[in-house]
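# sequence-free structure coming up:
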């Protein structure tokens, strides 16, 4: 999957590391964690937890200079 992502136009792209964008995604992850504590429906708690992890992963990627516009490609980076 990761090889396919590097070949796709909007898959994985090398870019300049972006600390500001990374910080914005960390904030989104923190907001998802806050929402997790406020939610009472288990399926929404799972969704909030998932997005907290996803935004955290994306923050790491943009901080090191990897951009991804395909959700599955972002997740593929967690496997390597």
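Cool, the structure landed. The shown structure was predicted, so the numbers you read here are calculated from the model rather than taken from an experiment.
# the strands in the protein, which residues?
Across the chain, reading from the start of the chain, the strands by DSSP state E fall at 12-14, 66-68.
# The first one pairs with which strands?
What that stands for is strand 12-14. Within its sheet, and counting by DSSP bridges, strand 12-14 is paired with strand 66-68 (antiparallel).
# Pull the distance from the strand it pairs with to the chain's centre.
In this view, strand 66-68 has its centroid 10 Å away from the chain centroid, taken as Cα atoms, centre = their mean, to the nearest Å.
# Could you give the average pLDDT over that strand?
Mean pLDDT, computed over strand 66-68, is 94.
# Quick check on the residue nearest to residue 16 when sequence neighbours are not counted: phi, psi?
For residue 16, ignoring the flanking residues on the chain, the nearest one in space by Cβ to Cβ, 6 or more residues apart in numbering is residue 65 at 6.1 Å. Any C-beta I mention is one placed from the backbone N, CA and C, and that applies to glycine too. Comment: the main-chain dihedrals of residue 65 come out as phi 100, psi 30, following degrees, to the nearest 10.
# Quick one, which of the strands of the chain gets closest to residue 78.
strand 66-68 (11.2 Å; Cβ to Cβ).
# contacting residues around the closest one?
Around strand 66-68, the neighbours that count as contacts under Cβ atoms under 8 Å, 6 or more residues apart in numbering are 5, 11, 12, 13, 14, 15, 58, 61, 74, 77.
# Cross those against helices and list the overlap.
Among the contacts of strand 66-68, DSSP state H puts 5, 58, 61, 74, 77 in helices.
# For the last one, give me its contacts.
With contact taken as Cβ under 8 Å, 6+ apart, residue 77 is in contact with 2, 12, 57, 61, 66, 68.
# From residue 19, how far out is it?
Applying Cβ to Cβ, to the nearest Å, the value for residue 77 to residue 19 is 18 Å.
# Just give me how far stretch 29-40 sits from the chain centre.
Using Cα atoms, centre = their mean, the mean C-alpha position of stretch 29-40 is found 16 Å from that of the whole chain.
# Sweet, I'm off.
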